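**Q** here's my sequence, what's the structure:
(chains A and B)
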Amino acid sequence: MDLIRMEKITKTYPGTVALNRVDFHLEKQEIVSLLGENGAGKSTLMKILYGMTAPDSGDIYYRGEKVSFKKPMDAIKNGICMVHQHFMLVQAFTVTENIIAGSEPVNSGFVDIKKARKEVNELIEKFHFNIDPDIRVEELSVGEQQRVEILKVLYRKAGIIILDEPTAVLTPQEVNDLFVILKQLRDDGKSIIIITHKLKETKVLADRVVILRDGKLISDNTKPSEVTTKQLSEMMVGREINLQTRRPTSSKGDVSLRVSNLTVIVDGRPRVKDVSFNVHSGEILGVAGVEGNGQTQLIEALTGLCKPESMELMLKDKQISGTSDNFLKAGIAHIPEDRLSMGLVKEMSIQDNIILGYHRESDFCLNNGLLKKKEIHEYAENLKDKFGIKAPNTEVAVSSLSGGNQQKIIIARAFSRNPEAIIIAHPTRGVDVGAMEYIHQQLIELRDNGAAILLISADLDEVRTLSDRLLVLFEGEIVSESMPGELNEIEMGLLMTGGRTMIEVGDKS
Amino acid sequence: MTDNMKSVKKIQRRQSFANSIGALIFSLLLGMVFIYVIGYSPIESYKAIFGVSLGTVKGFALSLSQATPLMFTGMSFALAYRVKMINTGAEGQLYIGALCAALVGVYVTSLPGIVHVSLALIVAFIAGGLIAGAVALAKAYTGANEIILTLMLNSVIIFFTSYLVNGPLKPPSSGVGQTERIAESAQLTRLIPQTQLTTAIILAIVVALLVQFLLDRTVFGYEVKVTGQNFKAAKVAGINVSKISILTFALSGAIAGLGGAAMVLGVNYRFVEGFSPGYGFAGISIAALAAYSPLAVIPSALLIGVLRAGTITLSRTTSIPVELVDLIQVLVIIFVAAPTMIKPIYKIKDKIVEKFKTRGKTHGGEEL
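**A** This is a model prediction of the structure:
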């Protein structure tokens, strides 16, 4: 018998059908990968199961009985738990305290911390979680914090665990560790649903793949061993996808962007330590690294958002310093890491957003400070067509567009001003396969036109596919420079976490 | 074109319009409860209030003149809010502007009318701007909270002006705290004789048009909007957010200063101690009612002006106090700031509508 059966679930939001008569079922002891692009409805489906939103129509059966969860607490009581993408942990609490928070064992009005510790310890040992129950959460790595989240749901006796994009923030090693744990949990009798758009991981982990597209069920019984990732991606997007092929540069020119002796100190702690590198025109230089190893500070220094302790920045033969305005004017475009919050003003129109940062240029304003409304309108309409931004006109609010189209506005804005250099951070974070393909194509096209591109990304696949040369940043230092293909994924992962690879050691000796 | 694909302006306008109207209606309804409690007929009272202020020339003139200082303070608050700053100091800036206008009006003499008036306005404008600008500077460089600073400054300014008009500036013959009467050349022209309605209202409308133009059509206004709506994005776009915030806040104070000057040059003809019955704070509700659009501040202030004029007249013959308007103003702020408070009522309405629809359908089904 199915553990969970959802039948003909329909959910509409104003203007869109999020789910259209979708069926879903989950059996005991299996790992299901719920695959789909952003907006395909996978999160909505799980929110309905978890009691966070109510479906318009459709039935949910749990162990054969019809249920309707009004709030997440109802689902949790029935052993259905969710691990959210953004961890909900109290940094200053210990692991044990975090795990028991909300369902503390009580002894005559006091928290029975001894009993709690014992129970937590048993769980940790049973599943080989390898975590100290008394350490504060703030001292844990991201992967370990995720394990605390999983412990939390296990402590609540979850039988069904839903994980929302669990690997988005992990290093390759951490992903492997997570998968080992998840498989153990399955063998122990739990059922697991992971919401994801990553195909490789789906293939490695899942027993069964359920694919959603545009709110419709495409397949609910694909065996990952029977399909290729290419087939999976095509089922997901609905058309042929071309992602994994590398296109090395053929137009590498002279050094364009020259960064020397860059040091950034934040609150007395050096975050970037005396880093120097060059980017040639017609080259994509990738910077890989686990988040929090100085990437943010590196980006801020190179775009004028923060003033570094020391830096010499040359673009062609011009020295650049000062505020972000100077950097933009000099021709260093910036596609920020958190694009929707740092790159767009959601309440404003496409027109207003597409000139943001360039609004002081003579194309868009007169000397006396008046905006050239007509020219801006024409420019925006032009870019809308050129970059295929799907919107009825350029006066609509950016907030009414889909995530992919919002991304396109930022790309269109930066790429249309013929920048000499581009600093682009995590270009495809939170972006679905279709949009990812688009962004990659645009980047390569821009590179082929002679721009110098600095690509900062935590996604190893991405940097490895796009870059013409690769740096690894660890604790603010460049620990490796290599050509793509020179290092494999495991070696890169080791470098990113502070280990040295065999090759590195061999080179040095 | 689907529902969520309308143009920005249309959506925003429609939403804020519905919000404001809803807030106003609920405030007026609650005002009726208040009138009922103190023993008058709510409907008759509202009839009288609107009858006086809209039905008679004098009443209408009073409405307009009551609305004039509110237009300035409303605009002041609305503009500062565009960079997400709260100018609770309009009251103090109003007093500074008024004092400066009075000083120019009294002590600068033998100027032609137009020059004298302009000079007084400019000095008031600068004074209000400097006070607010200083606050914004303190915020930008030390992180001081502008709400606390402006509120404290209000007291400092109001008491300081009180001291001046009870001490050094007090005319020997006067029994109350006030300055000398300003020169005739500094007095604004009355639009309707024997009323307080002067050209100040025209100035208010012109300022509103200018501010709206500034926001919509200039690079400065664009940067103001970006800064207010997404601080981080503004920084990434190379906008000097501190400079924009300081300038906008200073301009906000300057407009409040103009409001004070308008009161001196157009209504009282001298600086009178404690002349404002809270115009500065009324500006908050007027700006909220106008959804922080400078141009919409004009009708919004007019509406409150009509209510004020009506209750002022009514309070002479009944015991309905002028404070009724204050009550309504405060309710407006609450409802605009917390639209969710009215939402349950909308929901009930939706449910009733839905019920009627489905009932109609099922009835149809049965009959068939």
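**Q** where do the helices sit along chain B?
**A** Listed in chain order, the helices of chain B (DSSP state H) span B:8-37, B:42-55, B:57-82, B:90-107, B:113-142, B:146-166, B:200-217, B:219-229, B:231-236, B:241-263, B:279-289, B:294-317, B:323-337, B:343-367.
**Q** hey, least reliable of those helices by pLDDT?
**A** Mean pLDDT is lowest for helix B:343-367 out of the helices of chain B, coming in at a mean of 60.
**Q** count the residues that sit near residue B:247.
**A** For residue B:247, the neighbour count with other CB atoms under 10 Å in any protein chain shown is 18. In short, each C-beta sits where N, CA and C put it, glycine included.
**Q** you'd agree residue B:203 is up against residue B:258?
**A** Yes. Using CB atoms under 8 Å, residue B:203 is in contact with residue B:258, at 7.2 Å.
**Q** of the two, give the one with the bigger neighbour count.
**A** residue B:258 (29 against 22).
**Q** the more buried one and residue B:80, how far apart?
**A** Distance, residue B:258 to residue B:80, by CB to CB, to the nearest Å: 15 Å.
**Q** equivalent analysis for residue B:112, please.
**A** Applying CB to CB, the value for residue B:112 to residue B:80 is 35 Å.
**Q** same thing with residue B:355?
**A** Taking CB to CB, one finds residue B:355 at 45 Å from residue B:80.
**Q** also residue B:356?
**A** 45 Å.
**Q** residue contacts, the residue in the stretch 51-200 of chain A that chain B sits nearest to?
**A** Relative to chain B, the nearest point of the stretch 51-200 of chain A is residue A:56 (13.6 Å; CB to the nearest CB). Going by CB atoms under 8 Å, 6 or more residues apart in numbering or on different chains, residue A:56 touches A:10, A:11, A:12.
**Q** now these: which count as buried?
**A** With burial judged by 16 or more other CB atoms under 10 Å in any protein chain shown, the buried subset of the contacts of residue A:56 is A:10, A:11.
**Q** still on that earlier bit, neighbour count winner among residue B:112 and residue B:80?
**A** Using other CB under 10 Å as the criterion, residue B:112 and residue B:80 rank with residue B:80 on top: 31 against 9.
**Q** contact partners for the more buried one?
**A** Residue B:80 sits next to B:86, B:87, B:132, B:248, B:249, B:252 when contact means CB under 8 Å, 6+ apart.
**Q** ok, now residue A:128?
**A** The neighbours of residue A:128, taking CB under 8 Å, 6+ apart as the test, are A:181, A:184.
**Q** list the beta-bridge partners for the residue nearest to the residue of the stretch 51-200 of chain A closest to chain B when sequence neighbours are not counted.
**A** The shortest distance from residue A:56 to any non-neighbouring residue, by CB to CB, 6 or more residues apart in numbering or on different chains, is to residue A:10 (5.0 Å). Taking DSSP bridges as the rule, residue A:10 bridges to residue A:57.
**Q** report pLDDT for residue A:10.
**A** Looking at residue A:10, its pLDDT stands at 92.
**Q** quick one: it and residue A:44 touch, right?
**A** No. Contact between residue A:10 and residue A:44 fails when scored by CB under 8 Å: they sit 10.6 Å apart.
**Q** which residues are in contact with each of these two?
**A** Each of residue A:19 lies in contact with both residue A:10 and residue A:44 under the rule CB under 8 Å, 6+ apart.
**Q** so which strand or helix has residue A:270?
**A** For residue A:270, the enclosing helix or strand under DSSP states H and E is strand A:269-280.
**Q** for the next helix or strand after that strand, name the packing helices and strands.
**A** For strand A:269-280, the succeeding helix or strand toward the C-terminus, using DSSP H and E, is strand A:283-288. With contacts defined as 3 or more CB pairs under 8 Å, 6 or more residues apart in numbering or on different chains; DSSP states H and E, strand A:283-288 has these neighbours: helix A:433-448, strand A:452-457, helix A:460-466, strand A:469-474.
**Q** let me know which of the ones you listed is tucked in deepest.
**A** strand A:452-457 (a mean of 26; mean count of other CB atoms under 10 Å in any protein chain shown).
**Q** right, is that strand up against chain B?
**A** No. Strand A:452-457 lies out of reach of chain B by CB under 8 Å from any CB of the partner chain, never closer than 14.9 Å.
**Q** can you list the residues of the stretch 251-400 of chain A near chain B?
**A** Counting by CB under 8 Å from any CB, the positions of the stretch 251-400 of chain A adjacent to chain B are A:303-305, A:323-329, A:334, A:336, A:338, A:341-349, A:352, A:356-357, A:359-360, A:365, A:369-371, A:373, A:391-393, A:395-397, A:400.
**Q** which residue is nearest the middle of chain A?
**A** Geometric centre of chain A, nearest residue: residue A:429, 3.6 Å, by CA atoms, centre = their mean.
**Q** mind listing what's buried in stretch B:288-300?
**A** Neighbour counts over stretch B:288-300 (16+ other CB under 10 Å) mark B:288, B:289, B:290, B:291, B:292, B:293, B:294, B:295, B:296, B:297, B:298, B:300 as buried.
**Q** apart from its neighbours in sequence, what residue is nearest the fifth one?
**A** With CB to CB, 6+ apart as the measure, residue B:78 is the residue that lies nearest to residue B:292, at 4.4 Å, once sequence neighbours are left out.
**Q** by proximity to chain B, which residue of the stretch 151-300 of chain A wins?
**A** Proximity of the stretch 151-300 of chain A to chain B (CB to the nearest CB) peaks at residue A:300, 9.7 Å away.
**Q** tell me which residues touch that residue, please.
**A** By CB under 8 Å, 6+ apart, the neighbours of residue A:300 are A:264, A:306.
**Q** mind redoing it with 10 Å?
**A** Residues near residue A:300 by CB atoms under 10 Å, 6 or more residues apart in numbering or on different chains: A:264, A:266, A:271-272, A:306-308, A:324, A:334, A:336, A:423, B:235-236.
**Q** now the buried members of those.
**A** Applying 16+ other CB under 10 Å to the contacts of residue A:300 flags A:264, A:271, A:272, A:308, A:324, A:334, A:336, A:423, B:235, B:236 as buried.
**Q** my read is that the last one contacts residue A:306, right?
**A** Spelled out, it's residue B:236. No. Residue B:236 is beyond contact range of residue A:306, at 11.8 Å (criterion: CB atoms under 10 Å).
**Q** tell me where the stretch 401-509 of chain A is predicted with low confidence.
**A** Scanning the stretch 401-509 of chain A for pLDDT under 70 picks out A:430, A:499-509.
**Q** near chain B, which residues of it?
**A** Residues of the stretch 401-509 of chain A lying close to chain B by CB under 10 Å from any CB of the partner chain are A:401, A:413.
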